[in-house]
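[1] attaching a predicted model along with its sequence, questions to come.
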Amino acid sequence: MKIACITVSRKESIFSKMWVAHHGAMFGHENLYLNIHGRDGLPQELPLGVNLIIHDRSEKADRNEKNKWGRITQSQLAARLLENGYDWVVRLDIDEFLVLDPSEERTLPEVIQSYGRRKVIHATGIDMIHRLGEEEELSPGEMVLSRHKHGVISRAYSKPCLVSQAPRWRSGCHRVAGTKNHVISPEVFLFHLALSDWGIFQKRVGETYGDAREAQKALLEKRETTLRDSAQIAPMDFGQAQTRAINEMAPQVEAFLNEDRTRFISDPTYSDGYYTVIPDRFADQIQFVDINRDT
């Protein structure tokens, strides 16, 4: 089975190396495709074989325009890759990391094959949260999930990220239009790391917003409140939270749109999902790579 893995990157000095190292080990560097938004955002010192697709884009485009460009560009790339020999395409944001449950004895291709004729597979999405005051900031080379273990099993991040037919991704690639017979995999996880470390988040905001100090300050204050609020929530057992979330989110056909959509969680404990602690079996699955907080 031949699998490609694609993403979009813009001025991502922190996560680009990490994303490539992690997914290159899973799929091979030659099967990674990075859409680079602007020539000033080229990742540095990437391994040989990684495919860089550089797009000259205006810095002045608003967020909606950038999201529209991103989903169309990635939909078109996925369609080309599937047409030219790939069996499946994995689509992730640059701060999202695919992980096969370490307790799973099968390989990822074997897990995919077990879903038969399904054309779209959602990973179980976990939005990681840095528990301020309890968890230290990460150091270079550390394993993320050995130090930071709190997250939300979330509808928003249980994305349709594995496809075997030409997709039309919509709404920040949180859904894919015009497809049916989806499934959420309990064996495949998507870890969203944007808020997994407060120091890293602050640096990313600085890189993204540049001199827009007020925008930086407003976003940082909002996200810090989010993290501190999480400390007030008692976490659910991981297995219970995952089973409950998958049952709640089970995709169903939306008649008006004639496509599958995941359902909302009716009784979330935090945000749009279930707050939980990541089991120790995941501890060595994702590593921070070459991070320098001083530059």
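    Right, received. Where do you want to start? Numbers count the residues shown, from 1 in each chain.
[2] so what's the residue count around Lys120?
    Quick fix: residue 120 is Val, not Lys. Neighbour count for Val120, taken as other CB atoms under 10 Å: 22. Just so you know, the C-beta spots here come from the backbone N, C-alpha and C atoms, and that holds for glycine as well.
[3] in PDB, list the C-alpha atoms belonging to stretch 248-258.
    Included here for stretch 248-258 are C-alpha records, laid out as PDB according to Å, rounded to 0.1, in the frame of the first residue of the first chain:
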ATOM      1  CA  GLU A 248     -21.300  10.300  20.000                       C
ATOM      2  CA  MET A 249     -19.500  11.400  16.900                       C
ATOM      3  CA  ALA A 250     -20.300   8.400  14.600                       C
ATOM      4  CA  PRO A 251     -20.600   9.900  11.100                       C
ATOM      5  CA  GLN A 252     -24.100   9.900   9.600                       C
ATOM      6  CA  VAL A 253     -25.400  11.000   6.200                       C
ATOM      7  CA  GLU A 254     -26.500  14.600   6.100                       C
ATOM      8  CA  ALA A 255     -29.500  14.400   3.700                       C
ATOM      9  CA  PHE A 256     -29.400  18.000   2.600                       C
ATOM     10  CA  LEU A 257     -25.700  17.800   1.600                       C
ATOM     11  CA  ASN A 258     -25.800  14.100   0.700                       C
END
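[4] what residues does that stretch touch?
    122, 155, 158, 177-178, 180, 182-184, 259-267 (CB atoms under 8 Å, 6 or more residues apart in numbering).
[5] one more time with 7 Å, if that's ok
    Residues outside stretch 248-258 that contact it (CB atoms under 7 Å, 6 or more residues apart in numbering): Arg155, Ser158, Lys180, His182, Ile184, Asp260, Arg261, Thr262, Arg263, Ile265, Ser266.
[6] most neighbours among the residues you listed, which one?
    Ser158 (26 neighbours).
[7] coming back round to it: in strands only, show me the contacts of stretch 248-258.
    Residues of these located in strands (DSSP state E): His182, Ile184, Asp260, Arg261.
[8] closest to Arg281 out of these?
    Ile184 (19.9 Å; CB to CB).
[9] just to revisit the earlier point, farthest-separated two in the ones in strands among the contacts of stretch 248-258?
    Applying CB to CB across the ones in strands among the contacts of stretch 248-258, the maximum distance is between Ile184 and Arg261, 11.9 Å.
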